[in-house]
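S.K.: my questions are about this predicted structure, shown below with the sequence.
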Amino acid sequence: MPIGPRRVIPASCSLHGGPAGFTNVVMRKRGGGIELDPHVTACCVITFDEDAATAVRDTITEWLG
């Protein structure tokens, strides 16, 4: 499956703690979906198909106004 654009987003890990912005999240477009790689270790990769990614986008837009 082809890998598309990639972004690294600074975040914080509520479970493991650490300073704000210390935990990077890698976000990639892969095929027709979106892939999130918390902690940038590939040990837990979350994949959204197009419909789920759209729902996430809409929810974030609603919450942030």
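M.R.: Noted; the coordinates are in hand.

S.K.: the most centrally placed residue in the chain: helix or strand, and which one exactly?
M.R.: The centroid of the chain falls nearest to residue 36 when counting by CA atoms, centre = their mean (3.4 Å). Using DSSP states H and E, the element containing residue 36 is strand 33-38.

S.K.: could you export that strand as PDB, CA atoms only?
M.R.: C-alpha atoms of strand 33-38 as PDB (Å, rounded to 0.1, in the frame of the first residue of the first chain):
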ATOM      1  CA  GLY A  33      -7.200   6.000   4.900                       C
ATOM      2  CA  ILE A  34      -5.400   7.800   7.700                       C
ATOM      3  CA  GLU A  35      -2.900   6.200  10.000                       C
ATOM      4  CA  LEU A  36      -1.900   7.500  13.500                       C
ATOM      5  CA  ASP A  37       1.300   6.200  15.200                       C
ATOM      6  CA  PRO A  38       1.400   7.400  18.800                       C
END
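
S.K.: right, and residue 7 touches residue 24 too?
M.R.: No - checked against CB atoms under 8 Å, the pair residue 7 and residue 24 is beyond contact range at 10.1 Å. No exception for glycine: its C-beta is placed from N, CA and C like everyone else's.

S.K.: counting neighbours, go ahead and name the busier of these two.
M.R.: Neighbour totals were compared for residue 7 and residue 24, and residue 24 leads with 13 against 9 (other CB atoms under 10 Å).

S.K.: so, low pLDDT: which residues of this protein?
M.R.: 1-4, 17-21 (pLDDT under 70).

S.K.: how about the strands in it?
M.R.: All strands of the chain, identified by DSSP state E, fall at 3-11, 23-30, 33-38, 46-48.

S.K.: what pairs with the strand holding residue 36, and is each one parallel or antiparallel?
M.R.: strand 23-30 (antiparallel), strand 46-48 (antiparallel) (DSSP bridges).

S.K.: in JSON lines: those strands, plus distance to residue 57.
M.R.: As requested, these are exported to JSON lines (distance: least, CB to CB, whole Å):
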{"stretch": "strand 23-30", "distance to residue 57": "12"}
{"stretch": "strand 46-48", "distance to residue 57": "10"}
